[in-house]
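Student: Below are the sequence and a predicted model; questions follow.
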Amino acid sequence: MEDGSVRLEKVVMRFGDFTAIDTTTLEIGSGEFFSFLGPSGCGKTTLLNMISGFLVPSEGRVLIGGEPMGGVSVNRRPTAMIFQNLALFPLMTVFENIEFGLEVRGVDRKARREASERLLALVALEGSGPKRISELSGGQKQRVAIARALAVEPRVLLLDEPLSALDLKLRQHMRAELKAIQRKTGITFIYITHDQGEALTMSDRVAVMSAGRIQQVADPVTLYRSPATGFVAAFVGENNRLETTLIERQGERVRLDGCALGELAGRVAATSGLHRGDRAALYIRPEHLRPVDEGESGPTLAATLEAVHFEGAWVVLEARLEASGELLRVQLGHEISRQYTDTLVAGRRMIFGYDPDDAVV
Ligand code: ATP
């Protein structure tokens, strides 16, 4: 397998006075499923366009397979791209779409057909070659776009939110398909999305971006368990943010002033320079809170229920914290919420507990 690693060396992209991208050095491994995750306008497409060659960085350089890409045009790079709108030719057949890039490259008819048959099998569309694109469903078009991109045998496949036009069920199904195709082919996939669910379910590693900068690069579990910044804590999954003050620190464990209602506790990154008396934001995920009895050991939060939302598999509570007046979101799974069915009503006072290992400062 050819080297499909991608290295971004201190890449900066400016449009006039505006700096759209300003990154440190980032290495994406050959055969990795790597995602850039961030809100609209954070610079994901700009970054992808610098890898594909549509944009030339203002500073820094892009290397693919160890080779600098400066001066290498789009169609000479070992990359292929799948766009949000797929950009298929609607009146042409599936075969014609997949074989287009090969024909341009002068591959003969027989070899082209063999390649497209093989790719159609890979994306589970055997026998659909003669159909026109306009006759296909959304999910089938998606697969043709993948097959067409793979036909030119890229070392790196760039995917620009390719699932955003599909309905929820199909999107979830295609996530699994994309991941399976990536594993089978061993090609480096670089995926950009604002959808954290997509990034977390498919990726080996994710770079979380905000305003042109990379906030954290980590595997999905680490991103979820140990967000490096407040932005990552708020953007990846859901989090309650509580304003506190540090009382004591022992290694990664911290005790915090729980705003007059006793102490809170949490976990802090070993490298963080946090000291006694410092203001600190404590992040607790809604799914890590559970109702407890008054006086139970461990950190607790007292709150009054304001709203109860039944969402099928779980119940979401909105509760006003007694100490600070902030709104706390709590997500209870089926098992727990069933015990409280009759008592989960607005106006009720409840105490919530959590495991300090699950709360991040
Ligand atoms: P979305 O998810 O909405 O596509 P994105 O994260 O992909 O957003 P980009 O399209 O990369 O974001 O844009 C990043 C920033 O750079 C935006 O503020 C955008 O307005 C700006 N930008 C992008 N292209 C240009 C350009 N050609 N000229 C000037 N500004 C640009």
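Tutor: Here it is on my side, so go on. Numbering: from 1, shown residues only.
Student: contacting residues around Arg290?
Tutor: For Arg290, the contacting residues are Val330, Leu332, Ile336, Phe352, Gly353, Tyr354, by C-beta atoms under 8 Å, 6 or more residues apart in numbering. Any C-beta I mention is one placed from the backbone N, CA and C, and that applies to glycine too.
Student: at 7 Å instead, please
Tutor: Contact partners of Arg290, counting by C-beta atoms under 7 Å, 6 or more residues apart in numbering, are Ile336, Phe352, Gly353.
Student: cool, and Ala124?
Tutor: Contact analysis of Ala124 by C-beta under 7 Å, 6+ apart lists Arg143.
Student: What about the residue lying closest to Ile64 once chain neighbours are set aside, how many residues nearby?
Tutor: The shortest distance from Ile64 to any non-neighbouring residue, by C-beta to C-beta, 6 or more residues apart in numbering, is to Val6 (5.5 Å). By other C-beta atoms under 10 Å, 25 other residues sit near Val6.
Student: For whichever residue of the stretch 101-250 of the chain sits closest to the ligand, grab phi and psi.
Tutor: At 5.3 Å from the ligand, His194 is the closest residue in the stretch 101-250 of the chain, using C-beta to the nearest ligand atom. Backbone geometry at His194, expressed as degrees, to the nearest 10, gives phi -100, psi 0.
Student: Next one, pLDDT for it please.
Tutor: As summarised for this prediction, His194 has a pLDDT of 93.
Student: which residues does it contact?
Tutor: Per C-beta under 7 Å, 6+ apart, neighbours of His194: Gly38, Pro39, Ser40.
Student: Narrow those to just the buried residues.
Tutor: Among the contacts of His194, those that count as buried by neighbour count (16 or more other C-beta atoms under 10 Å) are Gly38.
Student: thinking again about what came up before, quick one: which of the contacts of Arg290 is most hemmed in?
Tutor: Sorting the contacts of Arg290 by how many neighbours each has (other C-beta under 10 Å) puts Phe352 first, at 22 neighbours.
Student: Specify the beta-bridge partners of that one.
Tutor: Beta-bridge partners for Phe352, by DSSP bridges, are Pro291, Leu301.
Student: For the helix ranked longest in the chain, which helices and strands make contact with it?
Tutor: Scanning the chain for the helix with the most residues, using DSSP state H, yields helix 168-185. Secondary-structure packing of helix 168-185 (3 or more C-beta pairs under 7 Å, 6 or more residues apart in numbering; DSSP states H and E): helix 138-151, helix 196-202.
Student: what do you get if the cut-off is 8 Å, keeping everything else the same?
Tutor: With contacts taken as 3 or more C-beta pairs under 8 Å, 6 or more residues apart in numbering; DSSP states H and E, helix 168-185 sits against helix 109-122, helix 138-151, helix 196-202.
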